[in-house]
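J.: A structural model of the following input is requested.
(2 chains)
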Amino acid sequence: MKQLVKGNIALCEGAIAAGCKAYFGYPITPQNEVPAHMSKRMVELGRVFLQAESELAAVNMVLGASAAGYRAMTSSSSPGISLKQEGISYLAGMELPAVIANIQRGGPGLGNIAGSQADYFQAVKGGGHGDYRMIVLAPYSVQEMYDHAYLAFELADKYRNPVMLLTDGVVGQMMEPIEARAGNLDAEKKYFNKDWVLDGCAGRKPRLLRSLLMAEGDLEKHNRELEKKYKSMSSDEVRFESLETDDAEIVVVAYGISARVAKTAVKKARQEGIKAGLIRPVTLWPFPSKTINENARSGRKFLVAEMNLGQMVEDVKLAVSGRCPVEFLGRPGGGLVNEQEIFENIQAMKG
Amino acid sequence: MEAREKELRKVYGKPEALTSTPHLYCPGCGHGIIHRLVAEAIDELGVRERTIGIAPVGCAVFAYDYFNVDVSEAPHGRPPAVATGIKRVSPEKIVFTYQGDGDLAAIGTAETVHAANRGENITVIFVNNANYGMTGGQMAPTTIIGQKTTTTPFGREAKRDGYPIKVCELLSSLEGVSYLERVAVNNPKNVIKAKKAIKKAFENQVAEKGFSLVEVLSQCPVDWGMTPKDAIKWVEETMMKVFPLGVYKDKGSI
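T.: Next up, the predicted model:
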């Protein structure tokens, strides 16, 4: 049965279905529906909800709950996600699974509360310190908010690594019908091999979770091990959607809400007889570089549409490797890319 | 020979909750004594196999090498948040943090105050040695007025650097707090008192009484630029005047 819900509520329900045992959050617009909904649902389900004193505390509570072996999550919006970077780096270093949702708003600084895509760099290039990577999922519909929340927990456990859901205030606030998965996972169970969790050393040697490796060469070795993991993530976890790219002369690349708008613009272009197509990265890291590269055939042009001053466009350019022109259409500071603008850009590129 | 062995009775040994790893702490440092007291309390309560410790950032970051229990590291100042996360999902575990003054009362002040205020059922061992030991002796939130450190070369001055934070006094006004006591490890008598306080802080958690914190005044001879003997004298004559020993809150006794 389909339910009509907001994106932020779908995110919560996807996490609950995935057996999320604990949610720790802090108020910030436009993600306030998440802690509000979780404060009711998690308590009803006998799970853990706690409003932390800060985003720093919230992400470290997630770290603790994850260290104890349970699925845990936090959410916030851009300025709050900046504060969580410390915890994300530690989660990566300590190899702890966790889900962090960023319902992006305009920046820099306090910015505004409109939807934005300006945290792409922070999410995919390592917002925290040290060499680390995390899978970044970019839902573009309310259904995907649900599905990706569920998927994020699976991927986090699979790789013992934090996973970020990078979405924005528009997807978070909009309402659409969604279908909830059949069958919910038991939050008391431990999924995947969790022979590393801290649950008391009864009948075994004590365990240790850390990222401090002071002995000569140990940290380099640890980083090499992490590298192997990141390599398998980048070969196995790339997700994208392509639409009418086979014969496209103009390939639009967009993710999240911009992709939603771009889809309509591409359809409109097709109706007008312009051969346009769309590549929508679903994972922003690992990035679908291979697909973009394969699509970078001579005579084609690329258009990247983002709600920022040009961030993902750098990765598209790297993938295109100079073989095709890459143009950029951006709306910073909480501006929403619109269908007409994208369509006009496609038209102009057609020449 | 057999008869003689029967007569032998173990009166003193290494607690099971301590590993055999030799400590890397400086000569005359208080951490070794405090580690032992914590380990003894864990052993005596029979909770070693369900205890999870949180190591701080600071000298005691290596606590995980010394405690023979499950241990997690935490970012600087965040042990109370990490402990909260663990305790909320596994309330049957015994969770303790072991933190220094910089970790607990500077960068982690918010985490400390709010874990205390929520009455988290955890045990906090707070080691106050009036400076940042690990990084070479900088001014800590508990550095006393006039005390010279590497970042207060002319002595801590209230006008420029503010005043030493008295953690037990500060937390005593919070309703969520169950037990607060300040102890020292400067002489055998005080070590015995410190042991009692630490054990009580663990007993409170077993009895689900809520947030318990024991502040331990500890000597740091190397960073203070003193001999171990002078460092003990400084704890007694200077630190204790600013940080008086005693029970600051005990809900259980009311």
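J.: nearest to chain A: which residue in the stretch 101-250 of chain B?
T.: Residue nearest to chain A within the stretch 101-250 of chain B: B:His114 (3.8 Å; C-beta to the nearest C-beta). For glycine as for every other residue, the C-beta is placed from the backbone atoms N, C-alpha and C.
J.: that residue contacts A:Ala58, doesn't it?
T.: No - if you go by C-beta atoms under 8 Å, B:His114 and A:Ala58 don't touch, sitting 11.0 Å apart.
J.: any chance you could map the helices in chain B?
T.: B:2-7, B:31-45, B:63-66, B:79-89, B:101-102, B:109-117, B:158-161, B:167-171, B:188-206, B:221-224, B:228-234, B:240-242 (DSSP state H).
J.: among the ones you listed, which is the most enclosed?
T.: helix B:79-89 (a mean of 30; mean count of other C-beta atoms under 10 Å in any protein chain shown).
J.: do it and chain A meet at all?
T.: Yes - Helix B:79-89 reaches chain A (C-beta under 8 Å from any C-beta of the partner chain) through B:81-89.
J.: just give the nearest non-adjacent residue to the one residue in the stretch 51-200 of chain A that gets nearest to chain B, would you?
T.: Per C-beta to the nearest C-beta, A:Gly64 is where the stretch 51-200 of chain A lies closest to chain B, at 2.3 Å. Nearest residue to A:Gly64, sequence neighbours excluded (C-beta to C-beta, 6 or more residues apart in numbering or on different chains): B:Gly85, at 2.3 Å.
J.: show me the contacts for the one you found.
T.: Listed by C-beta atoms under 8 Å, 6 or more residues apart in numbering or on different chains, the contact set of B:Gly85 reads A:22, A:24, A:60-68, A:72.
J.: same thing but 10 Å
T.: Shown in contact with B:Gly85 (C-beta atoms under 10 Å, 6 or more residues apart in numbering or on different chains): A:22, A:24, A:48, A:50, A:52, A:57-68, A:70, A:72, B:54, B:72, B:74, B:78, B:95.
J.: try B:Met139
T.: Contacts of B:Met139 (C-beta under 10 Å, 6+ apart): B:102, B:106, B:130-132, B:147-153, B:155-156, B:161-162, B:164.
J.: go again using 7 Å as the cut-off
T.: Listed by C-beta atoms under 7 Å, 6 or more residues apart in numbering or on different chains, the contact set of B:Met139 reads B:131, B:149, B:151-152, B:156, B:161.
J.: isn't B:Ala115 up against B:Val82?
T.: No - contact criterion C-beta atoms under 7 Å: B:Ala115 and B:Val82 do not qualify, at 10.0 Å.
J.: overlap in contacts of these two?
T.: By C-beta under 7 Å, 6+ apart, no residue touches both B:Ala115 and B:Val82.
J.: for the residue of the stretch 101-250 of chain B closest to chain A, which non-adjacent residue is spatially closest?
T.: Nearest to B:His114 is A:Glu53, by C-beta to C-beta, 6+ apart, at 3.8 Å.
J.: next, work out how far apart that neighbour and A:Ala68 are.
T.: 20 Å (C-beta to C-beta, to the nearest Å).
J.: do the same with A:Tyr191
T.: Going from A:Tyr191 to A:Ala68 by C-beta to C-beta gives 14 Å.
J.: give me the more crowded residue out of these two.
T.: Using other C-beta atoms under 10 Å in any protein chain shown, the more surrounded residue of A:Tyr191 and A:Ala68 is A:Ala68, with 28 against 18.
J.: residue contacts, that one?
T.: So A:Ala68 contacts A:197-199, B:86, B:89-90 (C-beta under 7 Å, 6+ apart).
J.: swap in A:Tyr90?
T.: Counting by C-beta under 7 Å, 6+ apart, A:Tyr90 touches A:63, A:211, B:75.
J.: how about A:Ile113?
T.: A:29-30, A:105, A:169.
J.: run the last query once more with 8 Å
T.: So A:Ile113 contacts A:29-30, A:77, A:105-106, A:169, A:334 (C-beta under 8 Å, 6+ apart).
J.: next one: A:Asn338
T.: Counting by C-beta under 8 Å, 6+ apart, A:Asn338 has contacts A:Val261.
J.: tell me the secondary structure at A:Gln104.
T.: Using DSSP: H, G, I helix; E, B strand; the rest coil, the structure places A:Gln104 in strand.
J.: and for the closest residue to it other than its chain neighbours, the neighbour number?
T.: With sequence-adjacent residues excluded and distances taken as C-beta to C-beta, 6+ apart, A:Gln104 is closest to A:Asp168, at 4.3 Å. Other residues near A:Asp168 number 31, with proximity taken as other C-beta under 10 Å.
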